[in-house]
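Peer 1: Below is the sequence, then the predicted model.
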Amino acid sequence: MAYARKYLKELLDRGARLVFESGRPIARVARDLGIESETLRKHVRQTEADEGRRKDVLSSQEREEIKSLRREVAQLRCANEILKAASVFFAGELDPHRPK
C-alpha cells in the first residue's frame, strides 16, 4: 500500500508559481520537481481559491472558519443538553408532586 508523501510548502508554492507563470501543464511541472502530479494539482487549485481566482473551491480561510463554527455548534449543543437536564432536575426538586 502506498503511503502519503509530505512535500515542503515552499516546493508546492514554487510548483504552483511555475504553473501560473510558465503556462506549462501541471503534470510536466510536477515531474520536473519530483512531485506527484495530483498533489500539485490540488495545491494549484487551493492557491487559486485563496487568491480569489476560483469560486468553486473554498479558500483556506473559509475552511478554517467552517471548522471553527462546527466546533462552536458542537459545544453549544452540549451546553444545551446540560441545561435541559438541569432544568428537568430542578423542576423535579421544586414540584415534589410531579411524576418522575
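Peer 2: Right, received. Where do you want to start? Numbers count the residues shown, from 1 in each chain.

Peer 1: need the contact list for Ile66.
Peer 2: Under the criterion of C-beta atoms under 8 Å, 6 or more residues apart in numbering, the contact list for Ile66 reads Leu58. (C-beta placed from N, C-alpha, C; glycine too.)

Peer 1: Report pLDDT for it.
Peer 2: On the pLDDT scale, Ile66 is placed at 97.

Peer 1: ok, now Ser87?
Peer 2: 90.

Peer 1: Tell me how many other residues crowd it.
Peer 2: Using other C-beta atoms under 10 Å, Ser87 has 10 neighbouring residues.

Peer 1: Check the gap between it and Gln75 for me.
Peer 2: Distance of Ser87 to Gln75, given as C-beta to C-beta, to the nearest Å: 19 Å.

Peer 1: In the chain, which residue is most central in space?
Peer 2: Against the mean C-alpha coordinate of the chain, by C-alpha atoms, centre = their mean, the closest residue is Arg63 at 4.2 Å.

Peer 1: tell me which element it is part of?
Peer 2: Assigning secondary structure by DSSP states H and E places Arg63 in helix 60-94.

Peer 1: Could you list the domains of this protein?
Peer 2: Segmentation of the chain into domains, based on automatic domain parsing, reads 1-57, 60-100.

Peer 1: so of those, which one's packed in deepest?
Peer 2: Counting by mean count of other C-beta atoms under 10 Å, domain 1-57 has the highest mean neighbour count of these, with a mean of 14.

Peer 1: tell me how far it is from the chain's mean position?
Peer 2: In terms of C-alpha atoms, centre = their mean, to the nearest Å, the centre of domain 1-57 is found 18 Å from the chain centre.

Peer 1: could you give the mean pLDDT of that domain?
Peer 2: Here domain 1-57 scores 90 as its mean pLDDT.

Peer 1: Would you mind measuring from Tyr7 to Phe90?
Peer 2: Separation of Tyr7 from Phe90 (C-beta to C-beta) stands at 57 Å.

Peer 1: Right, I'll call it a day here.
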